[in-house]
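**Q** Need a 3D model of the sequence below.
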Amino acid sequence: MRTKSYASQNCLALAMVATVLLSGCSGFTSQPMPVIGAAIQGRVYGGQQPIGGATLALYAAGITGYSAANVNLFSTPVITTSKGNFTFSSWSCTPGQQLYLVATGGDPGAGVNNNAALMAALGDCSTVNSNTYVSINEITTIGSVFALAPFMSGYAALGSSATNTAGLARAFASVNKLVNIANGQAGGSALPSGATAPVNEIYTLADIIAACINSPGGVAGDGSPCGTLFTLATPSGGSAPTDTVQAALNIAHNPTLNVAALFNTPLPTSPYVPQLASAPSDWTLAVRYSTGAFNSPKSTTIDANGNVWVANSVGNSISVLAQTGAPVAGSPFTGNGLTGPTTIAIDVGGNGWIANQGGNTVSAFTTAGAAVSGSPFAGSGTISTPTAVAIDATGNVWIGNLGNNSVTELTSAGSYVQQFTSGVANPQSLAVNPK
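**A** Numbering: from 1, shown residues only. Got it, this is the predicted structure:
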């Protein structure tokens with residue numbers, strides 16, 4: 001069992017102070033131009049010990065497909081000093097590219113560990129300049145990997161499709177809510193007021209991979225700290241990881257994988273505190289917001305702008321938060337027939353359609369919180385205790401009705417189209433084939 005220590009540390013502050021913030025590049029107009037040669041400094045350490053001789057790679061996330069293979073942007077090798085420090089200037093990127101650093105190998109004081117891999121997401125190229133300082137450790141690795149997990153399959157394979165670069169950029173921005181890349185602590189510089197980062201969970205996961213980082217390495221099944229981690233981080237039917245970024249990624253992709261065993265991974269010391277007092281139900285990391293006027297939230301969905309819509313089943317309201325976590329203007333939305341709202345679907349125009357389980361209707365709001373013309377809609381009386389709503393490729397709205405075991409179809413303007421009853425019993429959710 002890991003030794004528990006709850007000594008007070010400054011890293012517990014939710015709003016970090018004296019933080020070196022990533023600032024914007026200057027001199028750019030309408031045409032993106034490469035950023036070349038800004039001298040970036042930082043430090044690589046494992047378990048709060050410097051890692052000397054680690055090799056750094058600077059990657060730009062791809063936009064040719066999910067988990068796209070990436071190329072190191074460094075033209076010459078960058079190796080950390082014996083104290084884990086590094087400086088680099090032989091590089092270039094283009095504004096809009098999402099950058100991240102990976103440190104592999106090196107000696108954490110226990111001998112060279114070829115299985116060590118640590119990561120820190122830098123974000124948009126245009127925000128990186130000579131004032132940028134980067135700490136790379138287990139904490140920045142957990143924050144970066146968990147935020148970027150939907151887009152990656154390994155530390156050199158991270159990217160999105162060309163049509164989802166906005167989603168990729170939002171994922172990189174989310175890293176700065178979880179962790180502070182400048183000082184290597186949990187609770188990011190972009191964490192909004194009223195939000196709480198999962199500090200204890202991040203430190204617990206950081207401690208788990210620190211056992212491997214601060215060792216001579218190993219392979220799954222050999223009984224070493226790395227071998228134990230790699231064995232426990234191997235998904236059913238999958239291959240065992242051979243580096244710590246891949247181990248963290250496997251945990252992020254499979255959050256219920258060997259939770260208790262990973263939590264109880266033996267450690268001689270626990271370099272990061274505070275930790276969780278007991279094993280969680282899973283390894284999901286969530287930023288908690290308390291500024292949205294939530295009241296028994298029932299469901300959430302996200303629109304194309306990254307706004308999060310929350311149906312509050314008590315209070316008859318809809319809370320809408322921007323990607324930063326701040327409520328959008330007019331939130332929470334009320335009125336417009338909201339009665340026991342349960343589920344939400346977003347149409348191509350960004351309007352939110354909400355099933356009113358207590359009102360036998362569907363309400364539709366614009367992104368500004370105004371009622372869509374004609375809302376709320378009753379589907380010519382066919383809508384009964386609606387529990388699900390979905391929107392097809394043509395914009396038509398489909399509602400699952402628990403009250404009369406049916407599915408109602410409306411046009412994108414809310415006009416009744418038809419009702420299906422055959423084979424429908426207790427509908428709880430809906431999915432629409434995109435074709």
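**Q** residue ranges for the helices of the stretch 201-350 of the chain, please.
**A** Along the stretch 201-350 of the chain, the stretches classed as helices by DSSP state H, counting those that start in this stretch are 225-232, 244-253, 259-263.
**Q** what stretches of the stretch 201-350 of the chain score poorly on pLDDT?
**A** Residues of the stretch 201-350 of the chain meeting the criterion pLDDT under 70: 266-268, 291-292.
**Q** Which residue ranges of it form strands?
**A** 288-289, 297-302, 308-312, 317-321, 341-346 (DSSP state E, counting those that start in this stretch).
**Q** Just the buried positions in the second one, please.
**A** It refers to strand 297-302. By neighbour count on 16 or more other C-beta atoms under 10 Å, the buried set for strand 297-302 is 297, 298, 299, 301. All C-beta atoms are positioned from the backbone trio N, CA, C, and that covers glycine.
**Q** Reformat those as TSV; add distance to residue 237.
**A** Below are the buried residues of strand 297-302 laid out as TSV (distance: C-beta to C-beta, whole Å):
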residue	distance to residue 237
297	35
298	35
299	31
301	31
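**Q** between the helices of the stretch 201-350 of the chain, which gets nearest to residue 390?
**A** Nearest of the helices of the stretch 201-350 of the chain to residue 390, taken as C-beta to C-beta: helix 244-253 at 26.0 Å.
**Q** Which among the strands of the stretch 201-350 of the chain is found nearest to residue 66?
**A** That would be strand 297-302 among these, by C-beta to C-beta, at 17.6 Å.
**Q** Could I get the strands of the stretch 201-350 of the chain in CSV, plus columns for distance to residue 363?
**A** Output for the strands of the stretch 201-350 of the chain, formatted as CSV (distance: least, C-beta to C-beta, whole Å):
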stretch, distance to residue 363
strand 288-289, 23
strand 297-302, 14
strand 308-312, 10
strand 317-321, 8
strand 341-346, 7
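**Q** Ok, which of those strands comes nearest residue 95?
**A** strand 297-302 (25.4 Å).
**Q** Next, the angle from the closest one to strand 317-321.
**A** 40 degrees (axes from the mean of the first three to the mean of the last three C-alpha atoms, to 10 degrees).
**Q** Direction included, what does strand 297-302 pair against?
**A** Strand pairing for strand 297-302, using DSSP bridges, gives strand 308-312 (antiparallel).
**Q** hmm, who's touching the partner strand?
**A** 292-303, 318-321, 323, 332, 341-344, 346, 352, 354 (C-beta atoms under 8 Å, 6 or more residues apart in numbering).
**Q** So how do I select the buried members of the residues you listed in PyMOL?
**A** Selection of buried members from the contacts of strand 308-312 for PyMOL, criterion 16+ other C-beta under 10 Å:
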select buried, resi 292+294+297+298+299+301+303+318+319+320+321+323+332+341+342+343+344+346+352+354
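**Q** Please verify my assumption that residue 215 contacts residue 225.
**A** Yes. Using C-beta atoms under 8 Å, residue 215 makes contact with residue 225 at a distance of 4.6 Å.
**Q** neighbour count winner among these two?
**A** residue 225 (26 against 22; other C-beta atoms under 10 Å).
**Q** distance of the closest residue to that one other than its chain neighbours from residue 201?
**A** For residue 225, ignoring the flanking residues on the chain, the nearest one in space by C-beta to C-beta, 6 or more residues apart in numbering is residue 211 at 4.1 Å. Per C-beta to C-beta, to the nearest Å, residue 211 is found 17 Å from residue 201.
**Q** which residues does residue 125 contact?
**A** Residue 125 makes contact with 25, 35, 60, 93, 94, 95, 96, 97, 98, 99, according to C-beta under 8 Å, 6+ apart.
**Q** got CSV for those residues, with pLDDT and neighbour count too?
**A** Listed next are these as CSV, based on pLDDT from 0 to 100; neighbours: other C-beta atoms under 10 Å:
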residue, pLDDT, neighbour count
25, 31, 17
35, 53, 21
60, 95, 21
93, 87, 23
94, 88, 12
95, 89, 17
96, 90, 13
97, 93, 22
98, 96, 26
99, 96, 22
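**Q** Out of these, which sit inside strands?
**A** 35, 60, 93, 98, 99 (DSSP state E).
**Q** quick check, nearest of these to residue 183?
**A** residue 99 (18.7 Å).
**Q** pretty sure the closest one is touching residue 60, no?
**A** Yes. Between residue 99 and residue 60 a contact is recorded at 5.7 Å, counting by C-beta under 8 Å.
**Q** Find residues that contact each of these two.
**A** Common neighbours of residue 99 and residue 60 (C-beta under 8 Å, 6+ apart) are 73, 93, 125.
**Q** Residue 141: which of the residues you listed is nearest?
**A** Distance to residue 141 across those (C-beta to C-beta) is lowest for residue 73, with 19.5 Å.
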